[in-house]
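> I'll drop the sequence and a predicted model, then ask my questions.
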Amino acid sequence: MSPAGREGSESALPAPYEGPNGTPHGDLTVGDIVAERDFHLTRDSLVRYAGASGDFNPIHYRDDVATSVGLPGVLAHGMLTMGIAAQPVIDWLGDPGRVVDYQVRFTRPVLVDATDGALVRVVAKVGAVDDDSARIDLTVTFEDETVLGKAQLRIRL
Amino acid sequence: MAVNPDIAGREFPPAAPYLVGREKVREFARAVFSENPINHDPDSAIAAGYTDVVAPPTFPIVVQERTLAQLLAEPDAGIDFTRVVHGDQRFTYTRPIVAGDELTATLTVTSVKSLGGHSMVTSDSVIVDEAGKHVVTATSTLVVRGDE
């Protein structure tokens, strides 16, 4: 089935990335970009994630609560940012079973404007390669600043 | 109240089992902007070698959350949840979660550190299936802000 009720706000699913050798997971070279995608987060996205994850902290949907605890406004859930950031890599890999480790550090919040939302850009690059695995480094930015630190997936080749 | 450093090493009782539903996987997948058929369509998942739709890689947070709730509620831990910020998150997988899994998570506090007036509480939640086999370990570092 096609996902029902999407906002239609995210960019279209990209074509599978063709690796340097014309195969999706051919010889990887450190520095290769394997996937990239922009995500348009809206307040709807945050409410949807709250329901799906069970994280109903009101700083993710109420401006009054967010500002009362000293935040500049409603923030995306860190785990939503972590969740979307993996998607371009999963789509490139095809099989999520090849991800053996995924870690991030939450370094900067993503402020989601009530009208305009927030544009989050994900770029996935090969960070390291050995015989049977590779490290994919994610650069995740909002308003030209990185929001996740040490965002890395280790994948089985 | 400061975080009690003596909780380092403490293992909590296993949380109540979590039965992974197909529609929950789809709902979570939509929430993280996945259009990948392996998350939505059982036939695609079966063709890829799985028994049912596959959960996205951050889905284990839903199961881990039950154990973090135990930690935050621990009377002598001294963790004021209104001061908690999520610092780091990591998942180490043996296999992806699929619909139909019945998962049990057990949390162990691995370290409590102080840094610049804040406390950093790191815990591992080991998630196993109904056969007791390892599925994924979810590791969180919670930063508990000190008094201003």
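It's in.
> every contact and neighbour count from this point should use C-alpha atoms.
Noted.
> write out the residues of chain B neighbouring chain A.
Chain B comes close to chain A at residues B:24, B:26-28, B:30-36, B:40-41, B:48, B:54, B:56-59, B:61-62, B:86-96, as judged by CA under 8 Å from any CA of the partner chain.
> let me see the ranges of the helices in chain A.
All helices of chain A, identified by DSSP state H, fall at A:43-53, A:63-68, A:78-93.
> Serialize those to CSV and add fields for mean neighbour count, distance to residue B:142 and mean pLDDT.
As requested, the helices of chain A are exported to CSV (neighbours: other CA atoms under 10 Å in any protein chain shown; distance: least, CA to CA, whole Å; pLDDT from 0 to 100):
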stretch, mean neighbour count, distance to residue B:142, mean pLDDT
helix A:43-53, 20, 18, 98
helix A:63-68, 15, 19, 94
helix A:78-93, 23, 12, 97
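> and of those, who's closest to residue B:131?
helix A:43-53 (25.1 Å; CA to CA).
> packing partners for the closest one?
helix B:22-31 (3 or more CA pairs under 8 Å, 6 or more residues apart in numbering or on different chains; DSSP states H and E).
> repeat the analysis, applying 10 Å as the threshold.
helix A:78-93, helix B:22-31, helix B:60-73 (3 or more CA pairs under 10 Å, 6 or more residues apart in numbering or on different chains; DSSP states H and E).
> got the angle between the longest one and helix B:60-73?
Meaning helix A:78-93. Following axes from the mean of the first three to the mean of the last three CA atoms, to 10 degrees, one obtains 160 degrees for the angle between helix A:78-93 and helix B:60-73.
> in the sheet, who's paired with residue B:125?
residue B:107, residue B:138 (DSSP bridges).
> now whatever helix or strand residue B:89 lives in: how far from the chain's centre is it?
In this assignment (DSSP states H and E), residue B:89 forms part of strand B:84-93. The chain centre lies 8 Å from the centre of strand B:84-93; the measure is CA atoms, centre = their mean, to the nearest Å.
> how about it, which residues are buried there?
The neighbour-count check on strand B:84-93 (16 or more other CA atoms under 10 Å in any protein chain shown) flags B:84, B:86, B:87, B:88, B:89, B:90, B:91, B:92, B:93 as buried.
> show me what contacts the residue nearest the centre of chain B?
When chain B is reduced to its mean C-alpha position, the nearest residue by CA atoms, centre = their mean turns out to be residue B:64, at 2.4 Å. Residue B:64 makes contact with B:15, B:18, B:103-107, B:124-127, B:136-140, according to CA atoms under 10 Å, 6 or more residues apart in numbering or on different chains.
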